[in-house]
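Chemist: fold the following and give me the result.
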Amino acid sequence: MNPTMRKSLYVILISVGLAFIFNELFFEKFIGISLFIFTLILVGTVCLFGVYQRVSLKKTSWLIVLILFFALMPGIRANEFLIFLDICATFGLLLLLAHQLAGTPAFVMKLHDYLFLIIRVPLRMLGRAFFTVSLIGQVHSNVQHRDMWLRILKGSIMAMPILIIFGVLFSQADLAFSQFMNRFVDITISPHSIQYLVLLLFAFVAALGFLSYIFFPKQAQSILSHEQSDVIIQPGKRIEVLVFLGLISALFLVFIAFQITYLFGGEANILNAGFTYSEYARRGFWELLAVAILSLLVLLAAEKYAGVESTGSTVKRQKQFLIPALILIVEVIVVMVSAFKRLSLYIDAYGMTMLRFYVAWFIILLFVLFVLLAVKFIQSKQEQFFAFSTLLSIAAFLIVVNLVNPDAFIMKYNMAQYYRTGKIDIAHIEELSADAESEKIELYQALNGEEKTALLALLQKQKTKLQHDSAHWQSANWARTRALKLLQEF
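Modeler: Next up is the predicted model:
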């Protein structure tokens with residue numbers, strides 16, 4: 001392992017430690033002396049690691065004194081606004097410290113440099129954090145046999161966070177799968193634990209970005225490309241990607257088996273498992289949607305990591321990525337079908353709403369994007385093809401939705417459901433705009449009892465609002481004008 005990679009590993013491990021310290025000091029606690037303690041640890045870490053990496057801190061002593069002073073004040077003063085100002089000062093001076101250690105002395109910065117420091121430096125820190133993590137992916141062995149096992153190990157480690165996330169989402173999405181997983185490990189996560197993990201991740205990324213910005217200057221990227229030019233073109237990365245995608249595909253396959261057995265297999269199988277059909281089918285839609293979106297990002301990242309797009313990639317290398325990628329795409333499409341079925345069952349039971357309408361269309365859009373991604377992989381298209389195709393797909397999606405008229409569509413669907421079941425939720429109608437006015441009036445004529453009275457009050461309220469909204473010619477709108485005319489005639 002060369003010095004650049006060793007340094008990246010140290011930075012990552014130190015960032016993990018700082019993240020746990022951050023959570024211990026700040027999670028569910030008021031800010032007090034904890035800010036000074038953490039700032040002292042952070043600055044001390046920079047100083048110690050700076051000595052190890054031969055980074056001079058002599059010209060930053062005045063900055064460190066100011067940082068520690070403002071970090072100490074929230075442990076002394078009780079004025080909330082003053083504490084807020086002290087925190088902002090501490091944060092801003094830490095950015096300035098990192099910027100100076102990265103090679104830009106404060107005394108040569110112009111006014112606009114200070115004005116944009118708060119925006120540009122955090123973004124650059126985030127970029128350096130990704131760069132530091134990417135360095136770990138370049139670790140390799142000079143011994144062929146060891147290198148293969150190292151690649152397998154790296155692919156497994158890369159897959160573990162994704163497997164945990166997908167495992168949690170799948171368990172929350174499917175009662176039978178959750179029951180199956182709980183035989184091996186209890187992965188039930190409370191809201192408290194989720195908040196802790198989110199804060200821990202935020203602290204880790206922030207610490208990693210801060211340290212990476214200081215200890216990996218811009219020149220590091222060119223140094224890496226010079227030192228690792230032989231590694232980047234190695235075919236060994238295909239092993240990592242095969243293991244990475246293979247493990248994820250295996251988890252998807254297990255989940256799909258439960259969908260085929262229970263959700264698509266009929267009500268009898270669900271009842272035998274101890275669940276009601278409605279309880280089973282209406283759970284987990286949002287989790288499955290999150291799985292689909294994350295899978296799209298995982299596939300794009302895996303392709304980028306494998307270097308399949310590069311002009312030097314061979315046909316064999318492309319196929320070795322293509323097969324597991326297409327398998328995963330097919331599995332994701334099955335998961336999306338499961339999510340769509342759950343959503344349709346939910347709509348059948350509780351009616352169509354604006355949110356459910358757009359989510360259903362979003363699933364269709366996701367399906368199109370995965371098809372485009374498959375085409376990109378099969379035909380070895382460049383990233384520009386997928387980006388432009390996504391842009392056209394989103395434009396087409398918006399055009400079709402505009403032509404469909406969502407409010408009128410929702411109203412017609414709910415009216416058909418009312419004629420079939422005799423049930424309708426007036427609260428769902430209240431959120432619909434003037435685009436569905438004729439359908440609202442038609443429904444009013446078909447209703448009876450309290451629901452008819454409630455809808456009449458809603459129509460009267462909407463008429464008053466439309467009269468107010470139409471007071472100025474600048475607010476002219478065809479749908480609102482038509483709706484007001486219908487209400488006045490009604």
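Chemist: what's the neighbour count on residue 448?
Modeler: 8 (other C-beta atoms under 10 Å). For every residue, glycine as well, the C-beta is placed using N, CA and C.
Chemist: pull the contacting residues for it.
Modeler: Neighbour list for residue 448: empty [criterion: C-beta atoms under 8 Å, 6 or more residues apart in numbering].
Chemist: what does residue 287 give?
Modeler: Residue 287 neighbours (C-beta under 8 Å, 6+ apart): 169, 170, 172, 173.
Chemist: now tabulate those in CSV and tack on neighbour count, distance to residue 127 and pLDDT.
Modeler: CSV is the format used below for the contacts of residue 287 (neighbours: other C-beta atoms under 10 Å; distance: C-beta to C-beta, whole Å; pLDDT from 0 to 100):
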residue, neighbour count, distance to residue 127, pLDDT
169, 20, 28, 76
170, 25, 32, 79
172, 19, 33, 72
173, 25, 34, 70
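Chemist: inside helices: which ones of those residues?
Modeler: Secondary structure assignment (DSSP state H) places 169, 170, 172, 173 from those within helices.
Chemist: and which of these is nearest residue 16?
Modeler: Of all those, residue 169 has the smallest distance to residue 16: 23.7 Å, by C-beta to C-beta.
Chemist: surely that closest one meets residue 289?
Modeler: No - taking contacts as C-beta atoms under 8 Å, residue 169 lies outside contact range of residue 289: 9.4 Å.
Chemist: and the helices in the stretch 351-490 of the chain?
Modeler: Under the criterion DSSP state H, counting those that start in this stretch, the stretch 351-490 of the chain contains helices at 354-378, 383-404, 406-421, 426-430, 437-446, 449-469, 478-489.
Chemist: contacts for the fourth one, please.
Modeler: What that stands for is helix 426-430. Applying C-beta under 8 Å, 6+ apart, the contact partners of helix 426-430 are 351, 352, 353, 410, 411, 414, 440, 443, 451, 454, 455, 458.
Chemist: could you list the buried residues of that helix?
Modeler: Using 16 or more other C-beta atoms under 10 Å as the test for burial, helix 426-430 gives 426, 428, 429.
Chemist: OK, contacts around the residue nearest the centre of the chain?
Modeler: Among the residues of the chain, the one closest to the centroid is residue 294, at 6.8 Å (C-alpha atoms, centre = their mean). By C-beta under 8 Å, 6+ apart, the residues touching residue 294 are 162, 165, 166.
Chemist: assign it to helix, strand or coil.
Modeler: Following DSSP: H, G, I helix; E, B strand; the rest coil, residue 294 is assigned to helix.
Chemist: walk me through the domains of this protein.
Modeler: Domain ranges of the chain: 3-134, 235-403, 406-489, per automatic domain parsing.
Chemist: looking at those, which has the lowest confidence?
Modeler: When the domains of the chain are ranked by mean pLDDT, domain 235-403 comes last with a mean of 78.
Chemist: distance from that one to the middle of the chain?
Modeler: Centre-to-centre, domain 235-403 and its host chain are 15 Å apart (C-alpha atoms, centre = their mean, to the nearest Å).
Chemist: again, but for stretch 424-436
Modeler: Centroid separation between stretch 424-436 and its chain, computed with C-alpha atoms, centre = their mean, is 31 Å.
Chemist: likewise stretch 398-406?
Modeler: Centre to centre, stretch against its chain (C-alpha atoms, centre = their mean), the figure for stretch 398-406 is 26 Å.
Chemist: also stretch 39-49?
Modeler: 31 Å.
Chemist: which residues sit against it?
Modeler: 10-11, 14, 18, 21, 55, 57, 64, 67-68, 71, 90, 94, 97, 101, 207, 210-211, 214-215.
Chemist: now, these that are in helices?
Modeler: 10-11, 14, 18, 21, 64, 67-68, 71, 90, 94, 97, 101, 207, 210-211, 214-215.
Chemist: got a ChimeraX select line for the buried ones in the residues you listed?
Modeler: A single ChimeraX command selects the buried members of these (16+ other C-beta under 10 Å):
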select :11,14,18,21,64,67,71,90,94,97,101,207,210,211,214,215
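Chemist: ok, which of the helices of the stretch 351-490 of the chain comes nearest residue 329?
Modeler: Among the helices of the stretch 351-490 of the chain, helix 354-378 sits nearest to residue 329 (C-beta to C-beta), with 5.1 Å.
Chemist: for the biggest helix by length in the chain, packing partners?
Modeler: The residue-count maximum for a helix in the chain (DSSP H) belongs to helix 315-350. Applying 3 or more C-beta pairs under 8 Å, 6 or more residues apart in numbering; DSSP states H and E, one finds that helix 315-350 contacts helix 237-258, helix 277-281, helix 285-306, helix 354-378.
Chemist: save the helices of the stretch 351-490 of the chain as JSON lines, and put in distance to residue 78 too.
Modeler: Compiled in JSON lines, these are given as follows (distance: least, C-beta to C-beta, whole Å):
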{"stretch": "helix 354-378", "distance to residue 78": "44"}
{"stretch": "helix 383-404", "distance to residue 78": "50"}
{"stretch": "helix 406-421", "distance to residue 78": "52"}
{"stretch": "helix 426-430", "distance to residue 78": "45"}
{"stretch": "helix 437-446", "distance to residue 78": "56"}
{"stretch": "helix 449-469", "distance to residue 78": "47"}
{"stretch": "helix 478-489", "distance to residue 78": "53"}
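Chemist: which stretch among these comes nearest residue 251?
Modeler: Short answer: helix 354-378, nearest of those by C-beta to C-beta, at 17.6 Å.
Chemist: now the longest helix of the chain: buried residues?
Modeler: 317-318, 320-322, 324-329, 331-343, 345-347.
Chemist: ok so, going back, out of the helices of the stretch 351-490 of the chain, flag the one nearest residue 258.
Modeler: That would be helix 354-378 among these, by C-beta to C-beta, at 19.7 Å.
Chemist: show residues contacting that closest one.
Modeler: 285, 289, 292-293, 296, 299-300, 303, 308, 321-322, 325-326, 329, 332-333, 336, 339-340, 343-344, 346-347, 381, 385-386, 389-390, 393-394, 397, 401, 406-407, 409-410, 431-432.
Chemist: do that again at 7 Å, thanks
Modeler: Contacts with helix 354-378, where a contact means C-beta atoms under 7 Å, 6 or more residues apart in numbering, come from 292, 296, 299, 322, 325-326, 329, 332-333, 336, 339-340, 343, 347, 381, 385-386, 389-390, 393, 397, 401, 406, 409-410, 431.
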